[in-house]
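**Q** just a sequence and a predicted model for now, questions to come.
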Amino acid sequence: MTRLRGTDVLRDPLVRELLASRLVGVLATLDPDGGVHAIAIWLAEHEGAIVLATNAESRKVRNLERDPRATLALHDSRPGLEVCGASIRGRASIVRGCAAAPLIELVHRRYVSETGLALPAVAEFLQGDDVALVLEVEAATTWDERGGRADLELRASGEALPLVETGPRASMVAGDSG
């Protein structure tokens with residue numbers, strides 16, 4: 001594990017690699033009772049910060065209005081010990097209105113093609129993102145077990161169990177919004 005602070009976070013080669021990859025992050029905010037609310041979220045790097053798109057009525061926005069502290073976990077994990085990631089801590093500001101639109105678009109275009117953004121159901125769904133969260137990075141912890149002795153031994157043995165992807169619920173495939 002490596003601990004990073006300030007501007008060293010976004011300069012770190014592993015953090016750069018993770019941010020350059022099209023990964024889904026997990027954003028953690030603090031609930032009023034002190035519990036952690038963690039939710040998967042799209043992201044993009046922009047001008048020395050990390051931008052996320054969401055809905056103004058979401059729990060994470062309510063949490064950040066009360067307490068701007070947040071942690072974003074990024075990881076690229078494979079079977080066995082071929083794992084790496086970063087837990088990035090900072091303070092998030094909420095950008096609303098006209099100023100949010102280009103930031104939200106930056107995030108959406110990172111995950112969906114121009115043609116995909118024009119699909120009616122996709123466009124309608126993504127219209128729900130009406131605020132941008134800008135995470136000003138303060139510190140991070142990173143880990144990278146890829147290529148380590150245990151990772152190499154496990155891969156060579158073929159004994160790492162595969163990760164299993166999930167699929168859409170049957171009712172979602174049939175068009176029921178559940």
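**A** That came through fine.
**Q** average pLDDT across the helix of greatest length in the chain?
**A** Longest helix of the chain, by residue count under DSSP state H: helix 101-111. For helix 101-111, mean pLDDT is 97.
**Q** do stretch 118-126 as well
**A** 96.
**Q** that older thread, CA-only coordinates of the helix or strand just after the longest helix of the chain in PDB, if you can.
**A** Elements were assigned by DSSP states H and E; along the chain past helix 101-111, the next helix or strand is helix 114-118. Taking Å, rounded to 0.1, in the frame of the first residue of the first chain, the C-alpha atoms of helix 114-118 are listed here in PDB:
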ATOM      1  CA  GLU A 114     -22.800   9.900 -29.400                       C
ATOM      2  CA  THR A 115     -25.200   7.400 -31.000                       C
ATOM      3  CA  GLY A 116     -26.000   5.900 -27.600                       C
ATOM      4  CA  LEU A 117     -26.700   9.300 -26.100                       C
ATOM      5  CA  ALA A 118     -29.300  10.000 -28.800                       C
END
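**Q** just how off-centre is helix 114-118 within its chain?
**A** Here helix 114-118 is found 21 Å from its chain centre; the criterion is C-alpha atoms, centre = their mean, to the nearest Å.
**Q** if we look at that helix, which residues are touching it?
**A** Helix 114-118 is contacted from outside by 108-109, 122-123, 126, using C-beta atoms under 8 Å, 6 or more residues apart in numbering. Backbone N, C-alpha and C define where each C-beta goes, glycine included.
**Q** so who does the nearest residue in space to residue 68 that is not next to it in sequence touch?
**A** Once flanking residues are discounted, residue 68 sits nearest to residue 91: 4.3 Å by C-beta to C-beta, 6 or more residues apart in numbering. Shown in contact with residue 91 (C-beta under 8 Å, 6+ apart): 68-70, 135-136, 138.
**Q** any idea how far residue 12 is from residue 91?
**A** 19 Å (C-beta to C-beta, to the nearest Å).
**Q** quick one: contacts for residue 160?
**A** 79-82, 154.
**Q** give me that answer again for 10 Å
**A** Residue 160 makes contacts with 78-82, 151, 154, as judged by C-beta atoms under 10 Å, 6 or more residues apart in numbering.
**Q** where exactly do the helices run in this structure?
**A** Going by DSSP H, the chain shows helices at 8-11, 13-20, 59-66, 101-111, 114-118, 120-126, 149-157, 170-173.
**Q** is residue 92 in contact with residue 49, as I believe?
**A** Yes - assessed by C-beta atoms under 10 Å, residue 92 is found in contact with residue 49 at 9.2 Å.
**Q** quick check: the residue located most distally from the centre of the chain vs residue 165, distance?
**A** Farthest-out residue of the chain from its mean C-alpha position, per C-alpha atoms, centre = their mean: residue 157, at 32.2 Å. Distance from residue 157 to residue 165, counting by C-beta to C-beta: 23 Å.
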